[in-house]
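J.: Sequence first, then the predicted structure, then my questions.
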Amino acid sequence: MAGRFRYVTPVRARDATGRTARVYAQVADDFGMARMPVFRTLSPAPDVLAATWAVLRESLLAGDAPRSAKEVVALGVSMANRCPFCVDAHTTLLHATGDHRLAEVVAGGGTPDDPFHAALLAWARDGGPAPDPAAEYLGTALAFHFINRMVSALLTEDLLPAGLQRSRLVRSAGGRALAGAVRREPPAGASLPLVEGLPARSEPAWAAGTPLGAAYAVLRAVTEAGGELLSAAARAAVLDTVSGWDGTHPPTNRAWLNGPLAPLDAEDRAGTRLALLVALAPYRVTDADVVAWRGARPDEDVVRLFAFAAITATTALEPRLAATMPYLGGRS
């Protein structure tokens, strides 16, 4: 298990206390998995952990939209972001909904037979108009734009040893094992006590007045605070670069970083480089990138800087995604 984690040592379940212990307990109850690496890797920063879980729970697990359709969104976004860990995980979870053919068609890069699923996948993976205005679909998409970046930077690609999760038989068997938990309908809002007392931004218009809106407002606040780990000049360079981003993957070389880094002092460049990589190409973060910035910083700071970068990218994408939702009219 320890080999899955990069740059941080997660809090073990038996050692967890307070907010972290309560999040771990709810993840086990509602997801049916007691040791989810995605959440364990965030545990050095309990507020980031709780807010990330709350957004995921209130978008993907709770609500009225079908779980299978939301898993299609999670898969589509994870494919767009080149996050194989999340693609494998949510292929298994789509199997758990009982729609085994849909899971394998999507995982194989095909087009679902059902026109609604096909349109939803195209929206999540390729852009274009959304086929349904449900806030849960937009919330799920934004949750995975954030989570994919954290996973790609902080976890290895393999969900199971030796990449066994890429076997259709293993994915199908894993889905059957999780079917009971996935097919339950957890009540909306049960995650909000886990983020009680944490700072919050204003709720987004697309989910205002809902548990999802409240959770997302907290996620914005606790993750944006990680920008304070950078100097004002470095933080501005990250925000300005991401605000001008066109949503595509940057070139494979690193020449695209030269412009944002050029005006900065040498001591600011390492943190800016790392944050921009996490925001725009997290699968390209290297050990050397982390070491150059980290020094003696604790695991908590690593999670917080990465979360700042991930939410910066997610926030940049939010109005573009919201504009495709018929009832939002471009508001976010």
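T.: Done, it's in.

J.: alpha carbons only for contacts and neighbour counts from here, please
T.: OK.

J.: And the longest helix belonging to the chain, what's buried?
T.: Across the chain, the longest stretch assigned as helix under DSSP state H is helix 299-322. Within helix 299-322, the residues scored as buried using 16 or more other C-alpha atoms under 10 Å are 299-318, 320-322.

J.: go on, stretch 52-65?
T.: 52-63, 65.

J.: For it, give me every contacting residue.
T.: Applying C-alpha atoms under 8 Å, 6 or more residues apart in numbering, the contact partners of stretch 52-65 are 23, 27, 30, 39, 67, 70-71, 134, 136-137, 139-140, 143, 147, 182, 185-189, 191-192, 194-195, 211-212, 215-216, 219.

J.: before we move on, the earlier item: show me which of the buried residues of stretch 52-65 is closest to residue 12.
T.: Set against residue 12, the nearest of the buried residues of stretch 52-65 by C-alpha to C-alpha is residue 53 (16.9 Å).

J.: For residue 39, see how far away that closest one is.
T.: According to C-alpha to C-alpha, to the nearest Å, residue 53 stands 7 Å off from residue 39.

J.: Give me the neighbour count for residue 112.
T.: When neighbours are counted by other C-alpha atoms under 10 Å, residue 112 registers 19.

J.: how about it, secondary structure?
T.: coil (DSSP: H, G, I helix; E, B strand; the rest coil).

J.: surely residue 223 meets residue 303?
T.: No. Counting by C-alpha atoms under 8 Å, residue 223 stays clear of residue 303, with 9.3 Å between them.

J.: in the chain, which segments are predicted with low confidence?
T.: Applying pLDDT under 70 to the chain flags residues 1-3, 34, 158-170, 172-177, 326-332.

J.: can you tell me which residue is nearest the centre of it?
T.: residue 147 (1.3 Å; C-alpha atoms, centre = their mean).

J.: Okay, and that residue sits in which element?
T.: Secondary structure from DSSP states H and E places residue 147 in helix 135-154.

J.: Next, the angle from that helix to helix 299-322.
T.: 140 degrees (axes from the mean of the first three to the mean of the last three C-alpha atoms, to 10 degrees).

J.: what's helix 135-154 packed up against?
T.: helix 46-56, helix 67-80, helix 84-96, helix 266-280, helix 299-322 (3 or more C-alpha pairs under 8 Å, 6 or more residues apart in numbering; DSSP states H and E).

J.: for the residue nearest to the centre of the chain, what are its contacts?
T.: 38, 52, 310.

J.: Of all the helices and strands packed on helix 135-154, which one is nearest residue 124?
T.: Of those, the one closest to residue 124 (C-alpha to C-alpha) turns out to be helix 67-80, at 4.9 Å.

J.: Only C-alpha atoms, please: export stretch 179-193 in PDB.
T.: This file holds the C-alpha atoms of stretch 179-193, laid out as PDB (Å, rounded to 0.1, in the frame of the first residue of the first chain):
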ATOM      1  CA  ALA A 179     -22.200  -3.200  -5.900                       C
ATOM      2  CA  GLY A 180     -24.000  -3.000  -2.500                       C
ATOM      3  CA  ALA A 181     -22.400   0.300  -1.500                       C
ATOM      4  CA  VAL A 182     -22.600   1.900  -4.900                       C
ATOM      5  CA  ARG A 183     -26.300   1.100  -5.400                       C
ATOM      6  CA  ARG A 184     -27.300   2.600  -2.100                       C
ATOM      7  CA  GLU A 185     -28.700   6.100  -2.100                       C
ATOM      8  CA  PRO A 186     -27.000   8.100   0.700                       C
ATOM      9  CA  PRO A 187     -28.900  11.100   1.900                       C
ATOM     10  CA  ALA A 188     -27.700  14.500   0.600                       C
ATOM     11  CA  GLY A 189     -25.900  16.800   3.000                       C
ATOM     12  CA  ALA A 190     -24.500  14.200   5.400                       C
ATOM     13  CA  SER A 191     -20.900  15.300   4.700                       C
ATOM     14  CA  LEU A 192     -21.600  18.900   5.700                       C
ATOM     15  CA  PRO A 193     -20.900  18.400   9.500                       C
END
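
J.: mind listing what's buried in it?
T.: So for stretch 179-193, counting by 16+ other C-alpha under 10 Å, buried means 179, 181-182, 186, 188-189, 191-192.

J.: and residue 179, what does it touch?
T.: 96-98.

J.: could you redo the last one with a cut-off of 6 Å?
T.: Each residue near residue 179 by C-alpha atoms under 6 Å, 6 or more residues apart in numbering is listed here: residue 96.

J.: if we look at the longest helix of the chain, which residues are touching it?
T.: Outside helix 299-322, the residues touching it (C-alpha under 6 Å, 6+ apart) are 8, 44-45, 145-146, 149, 223-224, 226-227, 243, 275, 278-279, 330, 332.

J.: how far off helix 46-56 does that helix point, in degrees?
T.: 30 degrees.
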